Structures are given as C-alpha cells and as structure tokens.
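A.B. asks: give me a model of this one.
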Amino acid sequence: MRTRTLLAAALALGLVLATPSTATAQDRPQRLTQMPIVSVDFGGGSLDELVAQIRAASGDTPVNIIYAPEAGTLRVPPVQLEQADVYSALRTIAALSESVPATLPDGREATWEVSNTGGPTPVLLVSMYADDPPAADGEQRTPAGSRHTVVHSLAPLLQQQTGLTDDAVLTAIQIGLEINGETGAELQFHEDTKLLFARVTKNEARAIEQAMNSLDRTAAYNKDDRRAELGGQIMQLLGVTTQEEAIRMRDRALFADRLRDEVAGVRRQLESAQLEAERRVVQHDGEIAEFRGRMSQLVATVSDLERKLARVQDENADLRAALQQAEPPAGAR
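C.D. replies: Numbers count the residues shown, from 1 in each chain. Sure thing, here's the model as predicted:
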C-alpha cells in the first residue's frame, strides 16, 4: 500500500537525517569506533599509571587497551586533556614520546604508538618501538631497522556503506609505504577476519598508521555521501523538495501510525468487552432457564397438591353423607 510505503520511507529518512553530516575531518573517524569521552589531568608517570587513570575516567564504559608488560614501564610526561575520546587522547600523548623518548632499564630509547582495531567494542593496541641495545665491547651491533609485527583490523573500513574494497585498502597502504621509501614491509591479509598482519620497522609501522588514518577519513566521507544520496532518493519517493517537508511528513506518518495503534487498542478492548457481555448473557440465560425449570416444578407440585386436596375434600363429603344416613331418626329413639 502507498501509505505503508510512504511511512517506511519517512522513517528511513528520519534515520538518515538523525545523523549529522557536517562533522569535521577530525571527528569523522571517531564515529567508526565510538570510543568513550574522558577528561584526564595526568601529572606524569608510567604508561601503566596513565592507562589506569583513563580507565577510571571512563566510568562504566569498557576501555580495552593492550600492550606488552615492558611497555607499561614507559615514562609519560604530564598532560591535561578535556573531553577527548580515549583513542585521540592516547594518540596525542603517544606523539609526545617522539620528541621525548623514554629510556628503558637496559639503556635503549623507546617510543610508542596506538592503533585501533575498530568494531563495536574497539581494542586499542599500544606498540612500543625501541632502539637496539648499546653494543658491548667487541660485539657487532645489530643492524638498524629491526622488524616487529603489528596487527590492524580493516573491518571498519570495509563496511558496505564505506564503498571501500579489500584491494583498494591494501593498495592504498602499499602506496603509502612506497611513497615513504619503505619497500621491505611484509604484509599478509586474512580475509575471513579482515585482519592485516605486518612485519615492519618503526618507520614502516608509522607509514601504515598514517595510511589507516587517511582511510578512516575517506570511509567517513563516503558514508556521508551515501547518506546524502539515500536521503535524496527517499525525498524523491516522498515527492518533497526540502528536508523540512520530509520531516513534517515523517511526523505526520508517525502520528498516524500511533493513532492507528491506539484505535487498534480500543478495538481490542471493545472486542473483549463484547465477549464478556456475551458470556454474561449466556450465563444469565442459563440462570433464567434454571429458574423457569424450578418454577415449572413448583407449579406441577402445587397442581398435584390441589388435586390431592380436592380428592380428600370429596372423600370427606362422602363420609359426612354416609354418617348422616347412618344416624336413626330422632323419634325412633
């Protein structure tokens, strides 16, 4: 029916219009992850202490942050953030380690970065990058650029509404590595889980992270474009030219739907009342029939008693007549 079609279209447009499409480039990737918002006044200390403070600030909202035990000892400078999402907060703080690297107990200097797995409940992975330890006397130093493994989830980028494909995302990451002069990275993509495993150096990991951030923004833009396109199609179906008209039509459709539900509810109550009335009428008719049956029995009983009474009266009259005949005349005594 056309009414149902218009209602469905109006509701769909309501969902499209309910999501703002004017977010900044910085805000758009955050909508893919839905990280909690926190305020942090950190006086400096270890990464363990910073993570504990962030989790406390997030309240009942779960915050999944994973890192190696060795990374927990990294020193973090004082920082104060107001109303920042956890992912952005950690990335901002991690960026400070580039200019102020921490020193590990064995003398190595280390920095750290944060990546986001995405998904309904995102997991933040903290990756630590440390220089090779100082070479001992007579010991040959390990070549610079040692490799480690990082894992990225591409699932948020490959949702249908982003318009991105596996090949497009992997090609963009590969180009990002090549542009930065990094050609030795080993990449493996697991299609079933949408996980990208990379055996990389520190610079290669940074290049991949930069590509992922840019792809996040591209996915957000594509979602906005798709949302705008869908909104236009629905408005055309409704036969309106402005969002205000569409919203008014949606509100009227919702009101009509609520009114139909109320009428249906009243009808159900009326049907229930009618059934109860019929039940009581049937019950009352049964009681009347029973009463009439008893009355008939009483009438029959009264008729029987009246017949018996008449018979007794007749017998008494015959008895009196017989007695009168049996008495001698008065002069004969």
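A.B. asks: what residues does stretch 306-323 touch?
C.D. replies: The set of residues external to stretch 306-323 that reach it, using C-beta atoms under 8 Å, 6 or more residues apart in numbering, is empty. Yep, even glycine has a C-beta here, placed from its N, CA and C like the rest.
A.B. asks: if I've got this straight, D225 is in a helix?
C.D. replies: Yes: assigned with DSSP: H, G, I helix; E, B strand; the rest coil, D225 falls within a helix.
A.B. asks: could you pull out the helices for the stretch 101-250 of the chain?
C.D. replies: 166-179, 202-238, 243-326 (DSSP state H, counting those that start in this stretch).
A.B. asks: could you dump the ones you listed into TSV with mean pLDDT added?
C.D. replies: Output for these, formatted as TSV (pLDDT from 0 to 100):
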stretch	mean pLDDT
helix 166-179	87
helix 202-238	78
helix 243-326	85
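A.B. asks: can you put the ones you listed in a markdown table and add mean neighbour count?
C.D. replies: Below are those laid out as a markdown table (neighbours: other C-beta atoms under 10 Å):
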| stretch | mean neighbour count |
| --- | --- |
| helix 166-179 | 16 |
| helix 202-238 | 18 |
| helix 243-326 | 11 |
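A.B. asks: quick one, what contacts the closest residue to T183 other than its chain neighbours?
C.D. replies: Excluding its sequence neighbours, the residue lying closest to T183 (C-beta to C-beta, 6 or more residues apart in numbering) is L177, at 6.8 Å. By C-beta under 8 Å, 6+ apart, the contact list for L177 reads 183, 185, 204, 207-208, 211.
A.B. asks: separation between L177 and G184?
C.D. replies: 9 Å (C-beta to C-beta, to the nearest Å).
A.B. asks: how about low-confidence regions in the stretch 51-200 of the chain?
C.D. replies: Within the stretch 51-200 of the chain, the stretches with pLDDT under 70 are 97-108, 117-122, 125, 127-145, 160, 182.
A.B. asks: where do the strands of it begin and end?
C.D. replies: 64-66, 75-76, 79-85, 102-103, 109-116, 123-130, 148-153, 186-190, 195-200 (DSSP state E, counting those that start in this stretch).
A.B. asks: how about M235, nearest residue that isn't a chain neighbour?
C.D. replies: The nearest residue in space to M235 (C-beta to C-beta, 6+ apart) is A246, at 5.3 Å.
A.B. asks: likewise V114?
C.D. replies: Per C-beta to C-beta, 6+ apart, closest to V114 is L90, 4.5 Å.
A.B. asks: what about the residue nearest to T183, distance to Q210?
C.D. replies: From L177 over to Q210 the distance is 10 Å, taken as C-beta to C-beta.
A.B. asks: same question, E271
C.D. replies: In terms of C-beta to C-beta, E271 sits 66 Å off from Q210.
A.B. asks: could I get the contacts of L177 as JSON lines with distance to F291?
C.D. replies: Formatted as JSON lines, the contacts of L177 follow (distance: C-beta to C-beta, whole Å):
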{"residue": "T183", "distance to F291": "105"}
{"residue": "A185", "distance to F291": "98"}
{"residue": "E204", "distance to F291": "99"}
{"residue": "A207", "distance to F291": "98"}
{"residue": "I208", "distance to F291": "93"}
{"residue": "A211", "distance to F291": "92"}
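A.B. asks: wait, which of those is closest to G45?
C.D. replies: Of all these, G45 sits closest to I208, with 29.2 Å by C-beta to C-beta.
A.B. asks: for that closest one, list the residues it contacts.
C.D. replies: 150, 152, 173, 176-177, 185, 198, 200.
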